[in-house]
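J.: Whatever this is, show me its structure:
(one chain, ligands or ions: 1)
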Amino acid sequence: MEETHCIHPLYGDTNRKGLVRDRSLDTVAVRGASLFEPHTGAISTPIYQSSTFRHPGLFESTGFDYSRESNPTRTELERTLALLEQGRYGLAFSSGMGAISGLIKLYRPGDHLVVSEDLYGGTYRLFNEYYAPYGFSFSWVDTSDFAQLQGALRPETKAIFIETPSNPMMKVTDIPRCAELIHGRGGQLIVDNTLLSPYFQNPLPLGADLVIHSGTKYLSGHNDTLSGFIVLSDTQREQSLREIQKSEGASLSPFDAWLTLRGIKTLALRMKKSEQNALRIASWLREHPRVDQVFFTGFTDHPHYALSCSQARGFGGMISFYVKDPGDVPILLKRVSLILFAESLGGVESLITYPLVQTHRAIPEAMRKATGINDRLLRLSVGIEDGDDLIADLADAFTHCGKE
Ligand code: PLP
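T.: Numbering: from 1, shown residues only. Down below sits the predicted model:
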């Protein structure tokens, strides 16, 4: 399959490089916000492994007082994320769920949020099991269907929360249209941008108000740390979120901030290789006689391909697919050897996941059925290994199907 080239509506034909203020996204990813550490010239941001900071005098501060509130390693990471996402502020949390838990506290009991029904199961669990009982209400809809989205709005709707592309069904929601819709009612658009990373998509310049990341995925990129982010440009909301972060304490540790900074340095290279591999594997899977359907936004006949090209600079490295026979699922999960059967995405190592019993188990059966998450669905997070080796691994695993 030929590689597809997108002409981005904001940046034009950027060769897939988002322009971040005066530097390209590739450069910001490598050099961070500060380029180098100003006090010593250290190239690698030092890990300020200190819980507290000496005050020069009464009512005086170096700018850092206590690490739950702020820490120099974390600050460098937060500024880097803000630049990568073209926002003014970044906040780093101990995980993606830590970030989403912080964000939801911008809202109050009685508020209503419209949420993508096809999204990470942990977000569903947090909202439905822990916030709904306190008086928040949520409508779960296919946000890629604008009529459904419009129909779900209520007078008390304060936000739309989307994942695009959705996870695991790879549907694409129109970011500018959603932003216009919710702004017309004084609410906010929140986008979980984990799947494409800022390398391929920047929701803020497209009209979103808040961007969420599980930094555990592509940003860190090595399956070795958890982290989470909120990026935004509104100063008042940023101050509220800082207070929430300080009060709740789910701030990212200095060492995990450093690991994430180090991971981000190679974001551009990893995203390109992962997407290249995903394009090949998705096309190969599509031709396999035991595979029924492949979901990948990079297929030119994907129903949301044109929308994808209009708002993203690439398609990422995530693929979902149905096998014809549910009996193939346990065999494939057992027989892959290079690809690992594990629950995450976005790392250099390729992972295969069974959403029904892993990432999306918290979603009720009826909703899973409606979205297409069934016992034949597998999800691949394509890493940066050699593409031929990955295809050979899948081909070998398929040879055992129907025989065991
Ligand atoms: N958002 C998405 C799209 C995810 O896939 C995940 C985790 O899988 C999260 C948020 C939660 O992030 P974390 O696992 O870092 O808490």
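J.: make it CA atoms for all contacts and neighbour counts henceforth
T.: Fine.
J.: The protein against the ligand: which residues are in contact?
T.: 95, 96, 97, 120, 194, 214, 216, 226, 227, 228, 344 (C-alpha under 6 Å from any ligand atom).
J.: tell me the least confident of these?
T.: Lowest pLDDT of the residues of the chain next to the ligand: residue 120, 93.
J.: Going by residue numbers, what spans are helices in this structure?
T.: Per DSSP state H, the chain carries helices over the ranges 25-31, 72-84, 96-104, 121-125, 146-152, 175-183, 197-200, 235-248, 254-264, 267-287, 305-311, 328-335, 365-371, 387-399.
J.: Check which residues of the fourth one are buried.
T.: Going by neighbour count (16 or more other C-alpha atoms under 10 Å), the buried part of helix 121-125 is 121, 122, 123, 124, 125.
J.: and the residues of the chain next to the ligand as a markdown table, adding neighbour count?
T.: Converted to a markdown table, those look like this (neighbours: other C-alpha atoms under 10 Å):
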| residue | neighbour count |
| --- | --- |
| 95 | 21 |
| 96 | 25 |
| 97 | 21 |
| 120 | 20 |
| 194 | 26 |
| 214 | 29 |
| 216 | 27 |
| 226 | 21 |
| 227 | 27 |
| 228 | 28 |
| 344 | 18 |
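J.: And the residue of the stretch 301-404 of the chain closest to the ligand?
T.: Here the residue of the stretch 301-404 of the chain nearest the ligand is residue 344; by C-alpha to the nearest ligand atom that distance is 5.6 Å.
J.: Which residue does the protein have closest to the ligand?
T.: residue 96 (3.4 Å).
J.: ok, that residue touching residue 214?
T.: Yes. Contact between residue 96 and residue 214 holds when scored by C-alpha atoms under 8 Å: they sit 3.9 Å apart.
J.: Overlap in contacts, the two.
T.: Here residue 96 and residue 214 share the contacting residues 226, 227, 228, 229, scored by C-alpha atoms under 8 Å, 6 or more residues apart in numbering.
J.: so what's the first one closest to, chain neighbours aside?
T.: What it means is residue 226. Counting by C-alpha to C-alpha, 6 or more residues apart in numbering, residue 226 lies nearest to residue 216, which is 4.4 Å off, once chain neighbours are set aside.
J.: coming back round to it: and the helices of the chain, which one's lowest on average pLDDT?
T.: If you rank the helices of the chain by mean pLDDT, helix 365-371 sits at the bottom with a mean of 89.
J.: what comes up buried for that helix?
T.: In helix 365-371, counting by 16+ other C-alpha under 10 Å, buried: 368, 371.
J.: Also stretch 282-293?
T.: Applying 16+ other C-alpha under 10 Å to stretch 282-293 flags 282, 284, 285, 286, 290, 291, 292, 293 as buried.
J.: quick one: the first one and residue 297 touch, right?
T.: Same thing as residue 282. No. At 9.9 Å, residue 282 does not count as touching residue 297 under the criterion of C-alpha under 8 Å.
J.: Residue 206 is in contact with residue 176, isn't it?
T.: Yes. Using C-alpha under 8 Å, residue 206 is in contact with residue 176, at 5.4 Å.
J.: Looking at the two, which is more packed in?
T.: Neighbour count, other C-alpha atoms under 10 Å: between residue 206 and residue 176, residue 206 has more, with 19 against 16.
J.: Contact partners for the more buried one?
T.: 175, 176, 311 are the contacts of residue 206 under C-alpha under 8 Å, 6+ apart.
J.: How far does stretch 226-235 stretch from one end to the other?
T.: Terminal residues of stretch 226-235 lie 26 Å apart, using C-alpha to C-alpha, to the nearest Å.
J.: in it, what counts as buried?
T.: Neighbour-count burial for stretch 226-235 [16+ other C-alpha under 10 Å]: 226, 227, 228, 229, 230, 231, 232, 233.
J.: which residue is nearest the middle of the protein?
T.: residue 194 (0.6 Å; C-alpha atoms, centre = their mean).
J.: Quick check: residue 46 touching residue 73?
T.: Yes. At 6.6 Å, residue 46 counts as touching residue 73 under the criterion of C-alpha under 8 Å.
J.: quick one: common contacting residues for those two?
T.: Here residue 46 and residue 73 share the contacting residues residue 258, scored by C-alpha under 8 Å, 6+ apart.
J.: before we move on, back to that, using CSV, lay out the helices of the chain together with distance to residue 220.
T.: Formatted as CSV, the helices of the chain follow (distance: least, C-alpha to C-alpha, whole Å):
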stretch, distance to residue 220
helix 25-31, 11
helix 72-84, 11
helix 96-104, 12
helix 121-125, 19
helix 146-152, 32
helix 175-183, 25
helix 197-200, 11
helix 235-248, 21
helix 254-264, 4
helix 267-287, 8
helix 305-311, 23
helix 328-335, 25
helix 365-371, 29
helix 387-399, 21
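J.: what about these, which gets the closest to residue 66?
T.: Nearest to residue 66, of all these, is helix 235-248, at 9.6 Å by C-alpha to C-alpha.
J.: Now do the closest one: distance to the chain's middle.
T.: Computed by C-alpha atoms, centre = their mean, to the nearest Å, the chain-centroid distance of helix 235-248 equals 21 Å.
J.: pretty sure residue 67 is in contact with residue 50, am I right?
T.: Yes. Using C-alpha under 8 Å, residue 67 is in contact with residue 50, at 7.1 Å.
J.: Looking at the two now, which is surrounded by more residues?
T.: Using other C-alpha under 10 Å as the criterion, residue 67 and residue 50 rank with residue 67 on top: 22 against 12.
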